[in-house]
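Trainee: let me see the structure of the following:
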Amino acid sequence: MSADTQLRTEALFWMLDVGNVTGALSQGSLLQPAWDHLLQNHYEVLRSPLFPVLLSVFTYFFLIGLYTALDLLAPTWHCINRHRLHPDKPITWPNIWTTLLVTIYNHLLYIFPTAVAQWLWRSPTLLPKEAPTLCSFLLGIFGCTVVFDFQYYIWHLLHHRVPWLYRTFHAVHHQYNQPFSLVTQYLSGWELFSVGFWATIDPILLRCHCLTTWGFMVFNVYVSIEDHCGYDFPWSMHRLVPFGLWGGAPKHDTHHQKPGTNFAPFFSHWDWLAGTHIVPSPSGHVTEKQDERRAKTKEL
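Mentor: Residues are numbered from 1 along each chain as shown. Next up, the predicted model:
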């Protein structure tokens, strides 16, 4: 065989290999090995109705533990403190204990009974043998995030515009005008139930694969905590998503200081369309007039 013929043969084999890889990717093989491993080794755990609840709770407490550690280290570690939105106002132990106790109270009073009810009355999760394709996995998470964002925007707007709703349900969350990670679930029971209901029902409405559903749940918990964390890191979502389409911690921090603005939890387009969008000031502080406006809003 001549050198020229050998090169053509090798090129043909290479093209066939690329075709095989492309075909495999289109069939979702990127996620299939991991999904097969999960089914083989953790089948009973995954099919339990308790698994989604435990996954969300573990993710939440793991992440707030990390951010709380950063909050405690920030006053003495400049490399951390320089990324805080309010570096001159450290998070204190009384802040941590107050919000943590409310979080534990909500989990014991609302989430634990809901988990028990699911365990008793909900049938085990059906676990298909096929994993979702990578494309459907990512699109499913994106779709659930878009739907959830719209739902919460409407809910949030109403609870600020209707004084009774604000006083009765939402005011507790605005006791902190400079949020940190534990403020994420410093909520009334009604608000916690609403958020949990949408996060549960949206993947069902979009008919997502169970792996996609769990991926959305973890992502939703992460971005919710990041919104409240009080940090502006280079890898934060609002810096990764272009054109200012993602709100992130700076815009949600501004919402806690100027409660009539930035209602959307994640994206920015609904606030742009409704005229409720405002760009955070570089300093992260509010003026005296803005502070007075916030006080009047709280009085509602």
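Trainee: from now on I want contacts and neighbour counts done on CA atoms only, so please keep to that.
Mentor: Will do.
Trainee: state the next helix or strand along the chain beyond the least confident helix or strand in the chain by mean pLDDT.
Mentor: Lowest by mean pLDDT, DSSP states H and E among the helices and strands of the chain is helix 3-26, with a mean of 41. Using DSSP states H and E, the helix or strand that follows helix 3-26 towards the C-terminus is helix 32-47.
Trainee: can you tell me what sits against that following helix?
Mentor: Contacts with helix 32-47, where a contact means C-alpha atoms under 8 Å, 6 or more residues apart in numbering, come from 51, 124-127, 129-132.
Trainee: quick one, which of the residues you listed are buried?
Mentor: The neighbour count (16 or more other C-alpha atoms under 10 Å) marks 51, 124-125, 131-132 as buried among the contacts of helix 32-47.
Trainee: pLDDT and distance to residue 205 for the contacts of helix 32-47 - can I get that in JSON lines?
Mentor: What follows is the contacts of helix 32-47, written out as JSON lines (pLDDT from 0 to 100; distance: C-alpha to C-alpha, whole Å):
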{"residue": "51", "pLDDT": "94", "distance to residue 205": "20"}
{"residue": "124", "pLDDT": "89", "distance to residue 205": "18"}
{"residue": "125", "pLDDT": "90", "distance to residue 205": "16"}
{"residue": "126", "pLDDT": "90", "distance to residue 205": "16"}
{"residue": "127", "pLDDT": "95", "distance to residue 205": "18"}
{"residue": "129", "pLDDT": "94", "distance to residue 205": "21"}
{"residue": "130", "pLDDT": "95", "distance to residue 205": "20"}
{"residue": "131", "pLDDT": "95", "distance to residue 205": "19"}
{"residue": "132", "pLDDT": "95", "distance to residue 205": "17"}
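Trainee: in helices, which of those residues appear?
Mentor: Judged by DSSP state H, the contacts of helix 32-47 include residue 51 as members of helices.
Trainee: residues near residue 120, how many?
Mentor: By other C-alpha atoms under 10 Å, the residues close to residue 120 number 11.
Trainee: give me the contact list for the helix or strand it falls within.
Mentor: Using DSSP H and E, residue 120 falls within helix 112-121. Under the criterion C-alpha under 8 Å, 6+ apart, residues 48-50, 53 lie in contact with helix 112-121.
Trainee: let's see that with 6 Å instead.
Mentor: Under the criterion C-alpha atoms under 6 Å, 6 or more residues apart in numbering, residues 49-50 lie in contact with helix 112-121.
Trainee: who touches stretch 252-266?
Mentor: 153, 177, 246-247, 271, 276-277, 280, 294.
Trainee: taking those residues, tell me the two that lie furthest apart.
Mentor: In the contacts of stretch 252-266, two members sit farther apart than any others by C-alpha to C-alpha. They are 246 and 294, at 23.8 Å.
Trainee: where do the helices of the chain begin and end?
Mentor: So, for the chain - with DSSP H - the helices run 3-26, 32-47, 51-73, 78-81, 93-106, 112-121, 134-161, 163-165, 189-205, 210-228, 237-240, 248-257, 269-274, 288-299.
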